[in-house]
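Peer 1: next one to model:
(chains A, B, C and D)
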There are 2 protein chains.
Amino acid sequence: MASRATLKDVARLAGVSTATVARVLHGNGYVANETRQRVEAAVADTGYRINEIAQGLRRQRTATIGHLLHGIIPNPFFAGVALGVEQEALRHGCGVLLFNTQGDVEQERLGVETLIRRRVDGILFTTATHEDNVRLALSAGIPVVQVERMTAAATPAVVIDNRIGARSAVEHLIGLGHRRIAYIGAAAPATQWRAGSGTWPDVERERLDGYRDAMSGHGLPIDDALIGLGRYYSGNGREHPNDGYVWMRRFLQRADPPQAVFATSDLLAGGALQAIYERSLRVPDDISVVGFDDTYAPYFAPPLTTVEQPMVEIGQAAAHLIFQSLNDAEAPAGERIVKLPTRLVVRASTGPPATVRAPSRRG
Amino acid sequence: MASRATLKDVARLAGVSTATVARVLHGNGYVANETRQRVEAAVADTGYRINEIAQGLRRQRTATIGHLLHGIIPNPFFAGVALGVEQEALRHGCGVLLFNTQGDVEQERLGVETLIRRRVDGILFTTATHEDNVRLALSAGIPVVQVERMTAAATPAVVIDNRIGARSAVEHLIGLGHRRIAYIGAAAPATQWRAGSGTWPDVERERLDGYRDAMSGHGLPIDDALIGLGRYYSGNGREHPNDGYVWMRRFLQRADPPQAVFATSDLLAGGALQAIYERSLRVPDDISVVGFDDTYAPYFAPPLTTVEQPMVEIGQAAAHLIFQSLNDAEAPAGERIVKLPTRLVVRASTGPPATVRAPSRRG
DNA sequence: AAGAAACATGTCATCGATGACACATTCGAC
DNA sequence: GTCGAATGTGTCATCGATGACATGTTTCTT
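Peer 2: Predicted coordinates for the structure are as follows:
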């Protein structure tokens, strides 16, 4: 019987009206001390727990936010963001309905529809797949916040400073004395994003710009042959070969291999490490490697120097923006963009370049 | 106005009663063709979307299940299970409310309380932290399913065959010709689980048993000095040193280092790889390594042979059990245990032992 | 001692969807 | 032509919590 008690049951048991029970529960209005105790006893006896469904209906808010996650399993970045969102939501007494879209437009639309039917108080897109879905949510009058990407449909968003993050990584390498530094990144995502609308930043473009900034800023030449762009999620799934591996292999076959590599994700960097290992080269003795994310980085051999993304904080900030939207509904949405800094974490995969130009080779 | 239309609004616009609209929406009862079309037009015009909150109140089921996740961020295992749960839930038109407990008993209790207040239709524990919380959920009359662990409080559960999984890994090594095989695992979790109650299996104990099975089964001696037990989540967080690293270092300092290692998680195996790398030994030339999980395994250098856990399937099975509980409520709960098989994935980290007993060393 | 202020509690319409029930009409069958 | 079945539609109580409002006590003020 425990959980099925209702307000009415409690009221009956305590010999008062439901209104009085509600007053005790919410601690507002006048309630005589003796009455309060009687009610509290009744609550305890019945094992009463408020029915948030009924409450939601009456109050016209569900204390729930929806989180649409791009959600590639092996990428702990999304898990980190989800955790941050949840923590911040909890702080506001809210729950989180999670939907993995797997980067599928239709799946994403379905998620939005479901969340609308559930009357969530807000929707978070951790990397929306298609702009129309963002619009759909907005058209239902639901506040939206986006992570890592901004659409033509202006919404508050949380992004990181990819350009400066990438630059700091490359400058770290330059500072160690490297001059030939390769870049392994990802090509821009597919066509769903209308090109030319120009209001959303391209994460990968920014990182490449950061690399260029650092190189030119220090008077180093940019060799296009040392820039490898792979599939957006290459190596994140098991089906695809890891493009970090593919490119690194190619780089190492050259007569003039790079002294260091900067990869735009830990997974791509992991692929690079595999290619290096295969050739029996040592990191960082023969070649230095830097990643991005700080997800897999600490677990690689050797532990990877990487650009940390504050995943949890990103999630928290995103949720925070949602609650901000809820409170003063009329704030200028498109202007609330939070840009979080990255942090270079130096570990064992970077060091000065080999002075002798004959890397030890075995394989 | 779009999403705020109610049944009544639609009914008014179509010039019918709400009952008729409901009939059209659910496709039951008699509705004249002409009427149906008028209603459908009104639904489209108003952008009406059913309010699942109101529906939930009336129908006394929320079409939502709660998922309490132990939730160590860097472990994609949990992300995989969560995805599986979500997929299966979606197939039943259900949403998933996610709570990360971070292995904290109090946090977990809070999660259960919240889920009860939300009147979820069922609760999944992906590795419950404290048995009392399972009981709490049950006492509220909510069906519970557990993943990876069973409590004295009998609930349906999904587990994997850890013993056979571990054995298959070790037998793979034995088959390659290894005789001195080290084991790196985790000590049993802390005291929250009442010892001696004896009805729940200890994952780590099972894996150790599997190792012993394989060794004794092939007439190989078990050297306790080659069995390293670390903290349960060692190396999963950044704060702690990776116990796989710590133990492997120790093993390699011995006069008679092992020829191969079996670690009970990819992360621990990753630590082992780091120690091996530090000593400039080669995998698998000098030493073979096997992990468990198949999460990080494909991204290590070299790609790791590992025991795959079917994460997504585990999640699906768990959700499936919940829906089973919902349908025939009176099925014998404790008896529905699903045991899923593991699968050995052979990659580049295992090979025959070095014939010459003088491993190349550089560092 | 009368009226205002504070205290204490109850009544009831409401949030939006549902479905049992009642009522009305049409169609066949005998 | 009459009656039962099939068809079509509306009414309304209900799910559980909420809070505006009404009503009834005390306790101060002056």
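Peer 1: in the stretch 101-250 of chain A, what residue comes closest to chain B?
Peer 2: Nearest residue of the stretch 101-250 of chain A to chain B, counting by CB to the nearest CB: residue A:140, 3.6 Å away. The way it works is simple: take the backbone N, C-alpha and C, and place the C-beta from them, glycine included.
Peer 1: the stretch 1-150 of chain A: helices as residue ranges?
Peer 2: Counting by DSSP state H, counting those that start in this stretch, residue ranges of the helices within the stretch 1-150 of chain A are A:7-14, A:18-26, A:33-46, A:52-59, A:76-91, A:105-117, A:131-139.
Peer 1: so of these, which one's packed in deepest?
Peer 2: Among the helices of the stretch 1-150 of chain A, helix A:76-91 has the highest mean neighbour count (mean count of other CB atoms under 10 Å in any protein chain shown), at a mean of 24.
Peer 1: outside of that one, which residues touch it?
Peer 2: With CB atoms under 8 Å, 6 or more residues apart in numbering or on different chains as the test, helix A:76-91 has contacts from A:65, A:67, A:69-72, A:95-96, A:98, A:124, A:126, A:147, A:293, A:295-296, A:309, A:311-320, A:323, B:71, B:73-76, B:78-79, B:98-100.
Peer 1: returning to that earlier point: what about the residue of the stretch 101-250 of chain A closest to chain B, how many residues nearby?
Peer 2: 21 (other CB atoms under 10 Å in any protein chain shown).
Peer 1: contacting residues around residue A:261?
Peer 2: Residue A:261 neighbours (CB under 8 Å, 6+ apart): A:181-184, A:248, A:251, A:269, A:272, A:287-290.
Peer 1: just send the helices of the stretch 1-150 of chain A back as a markdown table, with mean pLDDT too.
Peer 2: Converted to a markdown table, these look like this (pLDDT from 0 to 100):
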| stretch | mean pLDDT |
| --- | --- |
| helix A:7-14 | 95 |
| helix A:18-26 | 96 |
| helix A:33-46 | 95 |
| helix A:52-59 | 97 |
| helix A:76-91 | 95 |
| helix A:105-117 | 96 |
| helix A:131-139 | 94 |
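Peer 1: can I get those in a markdown table with distance to DNA strand C?
Peer 2: Converted to a markdown table, these look like this (distance: least, CB to the nearest atom of the strand, whole Å):
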| stretch | distance to DNA strand C |
| --- | --- |
| helix A:7-14 | 7 |
| helix A:18-26 | 3 |
| helix A:33-46 | 4 |
| helix A:52-59 | 4 |
| helix A:76-91 | 23 |
| helix A:105-117 | 9 |
| helix A:131-139 | 17 |
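Peer 1: okay, those in JSON lines with distance to residue B:131 next?
Peer 2: What follows is those, written out as JSON lines (distance: least, CB to CB, whole Å):
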{"stretch": "helix A:7-14", "distance to residue B:131": "29"}
{"stretch": "helix A:18-26", "distance to residue B:131": "29"}
{"stretch": "helix A:33-46", "distance to residue B:131": "23"}
{"stretch": "helix A:52-59", "distance to residue B:131": "26"}
{"stretch": "helix A:76-91", "distance to residue B:131": "23"}
{"stretch": "helix A:105-117", "distance to residue B:131": "33"}
{"stretch": "helix A:131-139", "distance to residue B:131": "40"}
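Peer 1: thinking again about what came up before, report pLDDT for the residue of the stretch 101-250 of chain A closest to chain B.
Peer 2: Looking at residue A:140, its pLDDT is 94.
Peer 1: tell me how far it lies from residue A:36.
Peer 2: Distance, residue A:140 to residue A:36, using CB to CB, to the nearest Å: 41 Å.
Peer 1: repeat for residue A:177
Peer 2: Counting by CB to CB - residue A:177 and residue A:36 are separated by 73 Å.
Peer 1: could the C-alpha coordinates of stretch A:249-257 be exported in CSV?
Peer 2: Output of stretch A:249-257 as CSV, limited to C-alpha atoms (Å, rounded to 0.1, in the frame of the first residue of the first chain):
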residue,chain,number,x,y,z
ARG,A,249,50.7,5.6,-41.1
ARG,A,250,50.8,7.8,-44.2
PHE,A,251,52.8,10.5,-42.5
LEU,A,252,55.4,8.0,-41.3
GLN,A,253,55.9,6.6,-44.7
ARG,A,254,57.1,10.0,-45.9
ALA,A,255,60.8,10.7,-46.4
ASP,A,256,60.4,13.6,-44.0
PRO,A,257,58.0,12.5,-41.3
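Peer 1: so which bits of it are buried?
Peer 2: Of the residues in stretch A:249-257, A:249, A:251-252, A:257 count as buried by neighbour count, 16 or more other CB atoms under 10 Å in any protein chain shown.
Peer 1: in strands, which of those appear?
Peer 2: Assigned to strands by DSSP state E, none of these qualify.
Peer 1: these: which two are farthest apart?
Peer 2: The span of those, defined through CB to CB, is set by A:249 and A:257 at 10.6 Å.
Peer 1: give the contact list for residue A:25.
Peer 2: A:43, A:50 are the contacts of residue A:25 under CB under 8 Å, 6+ apart.
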